[in-house]
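*Asks:* Next comes the sequence, and after it the predicted model I'd like to discuss.
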Amino acid sequence: MANNIVPVTREAFLQLALPERMKVWAEDRELEEYILTKAFSYKVNTAKFPHAKGEIKVAIIGSGPAGLGCSDVLNQLGFKVTVFERDDRPGGLLMYGVPNIKLPKEILLSKIKSLEEAGVQFRLNAAVGTAISWEDIRKQYAAVVICTGSSQPRPLKLPGNELTGIYYAKDFLISTTRSLLERQLVPGTFLSSEGKDVLIIGGGDTGADCAALALSHGARSILQVELQDCNMARISQEGFCELVKGDVSLQYNTKVKRLLGDDKGNVSGAELCRVEWGRTDSGMPIAKEIEGTTLVLPVQMVILALGFSGPEPVVFEKFGVKKTPLGTIANVSGSFLAAEPGVFAAGDARRGGGMVAWAFDEGWDAALECAKYLTNDIKK
Ligand SMILES: Cc1cc2nc3c(=O)[nH]c(=O)nc-3n(C[C@H](O)[C@H](O)[C@H](O)COP(=O)(O)OP(=O)(O)OC[C@H]3O[C@@H](n4cnc5c(N)ncnc54)[C@H](O)[C@@H]3O)c2cc1C
């Protein structure tokens, strides 16, 4: 398939010859515009909360669903809200994580425009902690809500990880959306998998998004591998393991042993083997290689969908917040308060990688707590 006919809409994508799981992926209406539309039309009950009169300034760092939900509620409550976003477009993972096939970007942009029209200010290309200092934010705003997401990707620790042609899932996903919005997917303006044998390491939802995108680019072959057994992985789709039993594009119980390169340093293959799961003497699950199952496959593109370990280091180094053992922002128990009074955290940054609906919910609740804090402050 030529790059200039990459199917970027759900309808066009569904015209392709797709494995069953990819049809489900594209048809599943729970995960995209339905949630977004619902989240934006949902009215948080603010009746019991005292309203401000536009004089109290609140900064929100990050414009993903947590930041959007939080800004919406604080704005409704009469606070003067500025959202700082380091990217060139607002929306967080809604913009650059979820592919356009699942969430058309014009829907997202129109929702954000409605927030702007209601009074929320967005400052883009505004990375707090680097381009804009945390101290300045603290001086200028009565409260801050940290909604920076969980975007520190888990690295690949394998022989061959230095080769060219290995990408983090987020970079792969971002490049297509950015090119779609700015360059109409002109060949050469995005990381294309056209004509390539693509290996996706990681069997979760992010890996599935990458598999769908690689399919839409016209990859020659796609193999998504997962070390765990399907039943061990946290699959939200009921009947999913049954659905993918005969699907050669998704293999569970499979380990990548190393990546191989050509004489120019480009990735050219992968050595894989099958594993079976057992228990150590202390009862911990352990993957054991099954002898005689090693095979080498040609691969020209590797995508790492290994998940995220929490917010990026700058958040912990500059924002005065502490890290939980899971890598997320520690909060005061039962509260969104994350550090000194007036500093709150919400969304994936606080609760770890989750779902869009949860992030909105966190943003709304953090906004109410922040409003309470600020209005109590006024009364003092
Ligand atoms: C590839 C992918 C696909 C997904 N698909 C789905 C799906 O289909 N359905 C679903 O329910 N969930 C999905 N999820 C999960 C969902 O997207 C997240 O749970 C949700 O977006 C978290 O929202 P958030 O606002 O906490 O963080 P994010 O959406 O990650 O937003 C954080 C924002 O903060 C900004 N930021 C970070 N640091 C700074 C800084 N220092 N200064 C300024 N800005 C900063 C980032 O640029 C980003 O815009 C997906 C996740 C991934 C990774």
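*Replies:* Structure's in. What do you need?
*Asks:* Which part of the stretch 101-250 of the chain gets nearest to the ligand, residue-wise?
*Replies:* Going by Cβ to the nearest ligand atom, the ligand is nearest to Gly149 of the stretch 101-250 of the chain, at 2.3 Å. For every residue, glycine as well, the C-beta is placed using N, CA and C.
*Asks:* helix/strand/coil for that residue?
*Replies:* At Gly149, secondary structure determined by DSSP: H, G, I helix; E, B strand; the rest coil is coil.
*Asks:* looking at it, it is touching Gly91, isn't it?
*Replies:* No: using Cβ atoms under 8 Å, Gly149 is not in contact with Gly91; the gap is 11.2 Å.
*Asks:* higher neighbour count, the two?
*Replies:* Taking other Cβ atoms under 10 Å, Gly149 and Gly91 do not tie; Gly149 has more neighbours (27 against 24).
*Asks:* any idea how far that one lies from Thr46?
*Replies:* 25 Å (Cβ to Cβ, to the nearest Å).
*Asks:* Output the set of residues of this structure in proximity to the ligand.
*Replies:* The chain has residues 31-32, 61-67, 84-87, 92-93, 97-98, 102, 127-129, 147-149, 151, 169, 173, 205-206, 209, 314, 347-349, 353-357, 359 near the ligand, with proximity defined as Cβ under 6 Å from any ligand atom.
*Asks:* Quick check: ChimeraX command selecting the buried ones in these.
*Replies:* This is the ChimeraX syntax for the buried subset of the residues of the chain next to the ligand, where burial follows 16 or more other Cβ atoms under 10 Å:
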select :31,32,61,62,63,64,65,66,67,84,85,86,87,92,93,97,98,102,128,129,147,148,149,151,169,173,205,206,209,314,347,348,349,353,354,356,357,359
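*Asks:* which ones among the residues of the chain next to the ligand are found in strands?
*Replies:* Residues of the residues of the chain next to the ligand located in strands (DSSP state E): 61, 84.
*Asks:* overlap in contacts of Gly149 and Gly91?
*Replies:* Gly64 (Cβ atoms under 8 Å, 6 or more residues apart in numbering).
*Asks:* Please enumerate the strands of this structure.
*Replies:* Here the chain has its strands, by DSSP E, at 57-61, 80-84, 121-123, 143-146, 166-168, 197-201, 221-225, 250-251, 254-261, 267-279, 285-289, 295-298, 301-304, 343-345.
*Asks:* want to throw these into CSV with mean pLDDT?
*Replies:* Output for the strands of the chain, formatted as CSV (pLDDT from 0 to 100):
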stretch, mean pLDDT
strand 57-61, 98
strand 80-84, 98
strand 121-123, 98
strand 143-146, 98
strand 166-168, 97
strand 197-201, 98
strand 221-225, 97
strand 250-251, 96
strand 254-261, 98
strand 267-279, 97
strand 285-289, 94
strand 295-298, 98
strand 301-304, 98
strand 343-345, 97
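*Asks:* out of these, nearest to Arg234?
*Replies:* Closest to Arg234 of the strands of the chain is strand 285-289 (Cβ to Cβ; 14.2 Å).
*Asks:* so the closest one versus strand 254-261, what angle?
*Replies:* 50 degrees (axes from the mean of the first three to the mean of the last three Cα atoms, to 10 degrees).
*Asks:* Could you pull out the buried residues of strand 285-289?
*Replies:* Ala287.
*Asks:* what does it contact?
*Replies:* 227, 232, 253, 255, 273-280.
*Asks:* Asp209 is in contact with Leu173, isn't it?
*Replies:* Yes: assessed by Cβ under 8 Å, Asp209 is found in contact with Leu173 at 6.2 Å.
*Asks:* Now do the shared contacts for those two.
*Replies:* Residues touching both Asp209 and Leu173 (Cβ under 8 Å, 6+ apart) are 97, 99.
*Asks:* ok, so of the contacts of strand 285-289, who is nearest the ligand?
*Replies:* Distances from the ligand to these, taken by Cβ to the nearest ligand atom, are shortest for Leu227, at 18.9 Å.
*Asks:* helices and strands around the lengthiest helix in the chain, which ones?
*Replies:* The longest helix of the chain (DSSP state H) is helix 356-379. Secondary-structure packing of helix 356-379 (3 or more Cβ pairs under 8 Å, 6 or more residues apart in numbering; DSSP states H and E): helix 33-41, helix 65-76, strand 143-146, strand 343-345, helix 348-351.
*Asks:* This protein - how does it break down into domains?
*Replies:* 3-28+155-304, 32-152+309-379 (automatic domain parsing).
*Asks:* hey, which of these is tucked in deepest?
*Replies:* domain 32-152+309-379 (a mean of 20; mean count of other Cβ atoms under 10 Å).
*Asks:* From the chain's centroid, how far away is it?
*Replies:* 15 Å (Cα atoms, centre = their mean, to the nearest Å).
*Asks:* for the chain, what are the low-confidence residue spans?
*Replies:* 1-5, 29-32, 236, 377-380 (pLDDT under 70).
*Asks:* Mind telling me which residue is nearest the centre of it?
*Replies:* By Cα atoms, centre = their mean, the chain has its centre lying nearest to Leu93, at 4.6 Å.
*Asks:* How much space separates the closest residue to that one other than its chain neighbours from Leu337?
*Replies:* Spatially, and ignoring its direct neighbours in sequence, Leu93 is nearest to Gly64 (5.6 Å; Cβ to Cβ, 6 or more residues apart in numbering). Shown here: Gly64 relative to Leu337, a distance of 20 Å by Cβ to Cβ.
*Asks:* circling back to that earlier point, you'd agree the residue nearest to the centre of the chain is up against Thr148?
*Replies:* No: with contact defined as Cβ under 8 Å, Leu93 does not reach Thr148; the gap is 11.5 Å.
*Asks:* how about the residue of the stretch 101-250 of the chain closest to the ligand, what does it touch?
*Replies:* Neighbours of Gly149 in contact, by Cβ under 8 Å, 6+ apart: 62, 64, 66, 92-93, 311, 347-349.
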